[in-house]
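S.K.: fold the following.
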Amino acid sequence: MSRLSSLIRKEFQQFRRDKKMRGIVIVAPIMQILVLGYAANMDVKDVPLAVYDQDRSAESRALAAAFIASGSFILAANPDSNEAVDEELSSGTAERALVVPPAFGR
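M.R.: Got it, this is the predicted structure:
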């Protein structure tokens, strides 16, 4: 324990002597917290979405509108078949697809 306490004491003495080290020890972590706090944002926004509505009812249109209105998705395409949905996803036009099955409104 005496080795550890003497090491700690030595480090504090060095900290008091060296003014440049104070800036690094105090300012650097504060800057990292500020910069990385804004960089680590987990919000999902503006993901291109393809909507294939097989039902074409008021309920299915409301579902698609709710997805778009959430702010997380933007309408990228309105494909008219499952193959067209695959094409949109493969080409990169859309990153996600919402496929509304027939009879969804019931």
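S.K.: off-centre distance for the helix ranked longest in the chain?
M.R.: In the chain, assigned by DSSP state H, the helix with the most residues is helix 19-39. Helix 19-39 has its C-alpha centroid displaced from the chain centroid by 25 Å (C-alpha atoms, centre = their mean, to the nearest Å).
S.K.: what are the phi and psi values for Ser72?
M.R.: Backbone torsions for Ser72, taken as degrees, to the nearest 10, come to phi -80, psi -20.
S.K.: can you tell me the closest non-neighbouring residue to it?
M.R.: The shortest distance from Ser72 to any non-neighbouring residue, by C-beta to C-beta, 6 or more residues apart in numbering, is to Val44 (5.0 Å). (C-beta placed from N, C-alpha, C; glycine too.)
S.K.: if I look at that neighbour, how far off is Asp18?
M.R.: To Asp18, Val44 is 46 Å away according to C-beta to C-beta, to the nearest Å.
S.K.: can I see the domain layout of this structure?
M.R.: What automatic domain parsing lists as the domains of the chain is 2-39, 47-100.
S.K.: now distance to Arg106, mean neighbour count and mean pLDDT too, for these, in CSV please.
M.R.: Formatted as CSV, those follow (distance: least, C-beta to C-beta, whole Å; neighbours: other C-beta atoms under 10 Å; pLDDT from 0 to 100):
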stretch, distance to Arg106, mean neighbour count, mean pLDDT
domain 2-39, 46, 10, 87
domain 47-100, 8, 15, 95
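S.K.: and the residue lying closest to Val25 once chain neighbours are set aside, what is it in contact with?
M.R.: Among residues not flanking Val25 along the chain, Phe15 sits closest, at 6.9 Å (C-beta to C-beta, 6+ apart). Residues in contact with Phe15, defined by C-beta atoms under 8 Å, 6 or more residues apart in numbering, are Met21, Arg22, Val25.
S.K.: excluding chain neighbours, give the residue nearest to the second one in space.
M.R.: With sequence-adjacent residues excluded and distances taken as C-beta to C-beta, 6+ apart, Arg22 is closest to Phe15, at 6.8 Å.
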